[in-house]
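> Predicted model follows, preceded by the sequence.
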Amino acid sequence: MFRVNCSYATTHRLINNTNCVLSFTTHQFPVKSGRLRRLAYIGQIFSSLEILPCLRIPRCYFSAIDMSKAGQKDTSSTVPPGTIFRNWITADGSSGYKAEKDRYHLYVSLACPWAHRTLITRKLKGLEDVISYTVVDFLMPKEGWRFNPEVDKCEKDPIFDAKYLKEIYQKVSPGYEGRVSVPVLFDKKTNQIVNNESSEIIRMFTKEFDEFCADDQKRAVDIYPEELRPQIDAINEWVFPFINIGVYRCGFAKEQESYDKAVENLFEHLDKAEQVLSKSRYLVGDRLTEADVRLYTTLARFDHVYHGHFKCNKKRIIDYPNLWGFLRDLYQTPGFAETTNFEHIRKHYMMSHLHVNPFGIVHMGPSLDFNSSHGRNEKEIWNSSGTHAGTF
């Protein structure tokens, strides 16, 4: 057994005649191979388990965790390690980056579930007039995320007038050859990328900018309260690898066995989330937390994109009474619908992932009413057959 522990951006070459296990903090993904020769670029795997920003083809990540046939020939390309930006903004500036109004700028894609987290949290905290943002084009050409003012909701890069997001990475880090991902939290004062890890950005927005929130109600919003952190972390530990990442493992699988396992894991944990939400309005009791935000961005895309495009078609979210109610509940909560753009979502996945959808044809459906009554604020619950089961 060959084990590699990855806590920070690392490049490893795995050469072994037996099974290999990549250990990602608390999660282990078995990699079976006869003679595995691979440059395993795991440039965005951390102790927080936050990886895979919205990328064109996360080839290395998926080839690493989805190799499932002994003796299978490794045909993946070698990818160089990337630079990761993991600085932190603090209210008092002790980190070197002080929370200030109009100092920081977000680069996001409305299609990307990871970038979507940051926009939701920014709205929940009332930071619209504090942190500006720019949306990149939903269409990702081979050069990567681009700025295209001809596309609705998009505009030119206001800082460098860059054509592609990679130019900003390269201005900050000359010679940068790593992954160019969104979101990006940029410091206009120092012309530096502060952070491109969504899980950390949303926690900065939650805690460090309270002085600048629009009002006391927004200031009181805390989606990662200290007393609930163990429960939130416990939820994140299975939602992230099996649901957030799980849909990609289904969609980008290149072997039947890998796909079958990914689908099995995905729906096992969607069933688990359905059971949790049968007992409480949110994932951690009766309070909205980051666990809900993180699940929402995957659920919102599921029936529109993942169900068909990624072949996650065992069930739809609308087939789950509590998940569908939960999804509508959040969508109707201020901060969620305003940041959810189904046009960008559908067009990005179906026009950019030509390895999945070669002709780039964008489907028209489904027609879903996210504004229909959900009843969860009335503490209604439903059993697996869709019949009313009481209150919680």
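Received, thanks.
> Pick out the residue closest to the middle of this protein.
Nearest to the geometric centre of the chain sits residue 114, at 3.0 Å (C-alpha atoms, centre = their mean).
> who does the host helix or strand of residue 266 touch, helix- and strand-wise?
Here residue 266, judged by DSSP states H and E, is contained in helix 256-277. With contacts defined as 3 or more C-beta pairs under 8 Å, 6 or more residues apart in numbering; DSSP states H and E, the packing partners of helix 256-277 are helix 229-239, helix 246-251, helix 321-331. (C-beta placed from N, C-alpha, C; glycine too.)
> and the ones you listed as TSV, adding mean neighbour count, mean pLDDT and distance to residue 157?
Output for these, formatted as TSV (neighbours: other C-beta atoms under 10 Å; pLDDT from 0 to 100; distance: least, C-beta to C-beta, whole Å):
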stretch	mean neighbour count	mean pLDDT	distance to residue 157
helix 229-239	17	98	32
helix 246-251	24	98	27
helix 321-331	23	98	30
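> and these as CSV, adding distance to residue 202?
CSV is the format used below for the helices and strands packed on helix 256-277 (distance: least, C-beta to C-beta, whole Å):
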stretch, distance to residue 202
helix 229-239, 12
helix 246-251, 20
helix 321-331, 15
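> Of the ones you listed, which is nearest residue 182?
helix 246-251 (15.4 Å; C-beta to C-beta).
> before we move on, back to that, give me the buried positions along the helix holding residue 266.
For helix 256-277, the neighbour count (16 or more other C-beta atoms under 10 Å) marks 258-259, 261-263, 265-267, 269-270, 273-274, 276-277 as buried.
> Please parse this structure into its domains.
Structural domains assigned to the chain are 2-66, 104-219, 226-391, following automatic domain parsing.
> among those, which is the most enclosed?
domain 104-219 (a mean of 20; mean count of other C-beta atoms under 10 Å).
> So what would you say the end-to-end distance of it is?
19 Å (C-alpha to C-alpha, to the nearest Å).
> Next: stretch 353-368.
Terminal-residue distance, stretch 353-368 (C-alpha to C-alpha): 24 Å.
> which residues sit against that stretch?
Contacts with stretch 353-368, where a contact means C-beta atoms under 8 Å, 6 or more residues apart in numbering, come from 56-57, 251-252, 303-304, 308-310, 318, 346-347, 349-351.
> mind redoing it with 7 Å?
With contacts defined as C-beta atoms under 7 Å, 6 or more residues apart in numbering, stretch 353-368 is touched by 57, 251, 303-304, 308-309, 318, 346-347, 350-351.
> wait, residue 163 sits on residue 149?
No - using C-beta atoms under 7 Å as the test, residue 163 is too far from residue 149 to be in contact (11.1 Å).
> Residue 203 belongs to a helix, doesn't it?
Yes - under DSSP: H, G, I helix; E, B strand; the rest coil, residue 203 sits within a helix.
> what sits against it?
Per C-beta under 7 Å, 6+ apart, neighbours of residue 203: residue 224.
> what do you get for residue 143?
164, 166.
> low pLDDT regions in the protein?
Low-confidence segments of the chain (pLDDT under 70): 1-83, 379-392.
> which residues does the closest residue to residue 85 other than its chain neighbours contact?
Using C-beta to C-beta, 6 or more residues apart in numbering and skipping residues adjacent in sequence, the residue nearest residue 85 is residue 193, 4.4 Å away. The contact partners of residue 193, taken as C-beta under 7 Å, 6+ apart, are 85, 172, 184, 186.
> cool, and residue 123?
If you count contacts by C-beta under 7 Å, 6+ apart, then residue 123 has 335, 338-339 around it.
> At which residues are the helices of the protein located?
Per DSSP state H, the chain carries helices over the ranges 59-66, 113-124, 165-172, 198-207, 216-219, 229-239, 246-251, 256-277, 290-301, 307-309, 321-331, 342-352.
> Include distance to residue 378 when you put these into JSON lines, please.
Shown next, in JSON lines, are those (distance: least, C-beta to C-beta, whole Å):
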{"stretch": "helix 59-66", "distance to residue 378": "41"}
{"stretch": "helix 113-124", "distance to residue 378": "22"}
{"stretch": "helix 165-172", "distance to residue 378": "44"}
{"stretch": "helix 198-207", "distance to residue 378": "28"}
{"stretch": "helix 216-219", "distance to residue 378": "22"}
{"stretch": "helix 229-239", "distance to residue 378": "23"}
{"stretch": "helix 246-251", "distance to residue 378": "30"}
{"stretch": "helix 256-277", "distance to residue 378": "15"}
{"stretch": "helix 290-301", "distance to residue 378": "18"}
{"stretch": "helix 307-309", "distance to residue 378": "28"}
{"stretch": "helix 321-331", "distance to residue 378": "11"}
{"stretch": "helix 342-352", "distance to residue 378": "27"}
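> so which of the ones you listed gets nearest residue 141?
Of all the helices of the chain, helix 342-352 comes closest under C-beta to C-beta, at 8.1 Å.
> was I right about residue 297 contacting residue 115?
No - using C-beta under 7 Å, residue 297 is not in contact with residue 115; the gap is 8.9 Å.
> Now find how far off-centre the helix holding residue 266 is within its chain.
Using C-alpha atoms, centre = their mean, to the nearest Å, the mean C-alpha position of helix 256-277 is found 17 Å from that of the whole chain.
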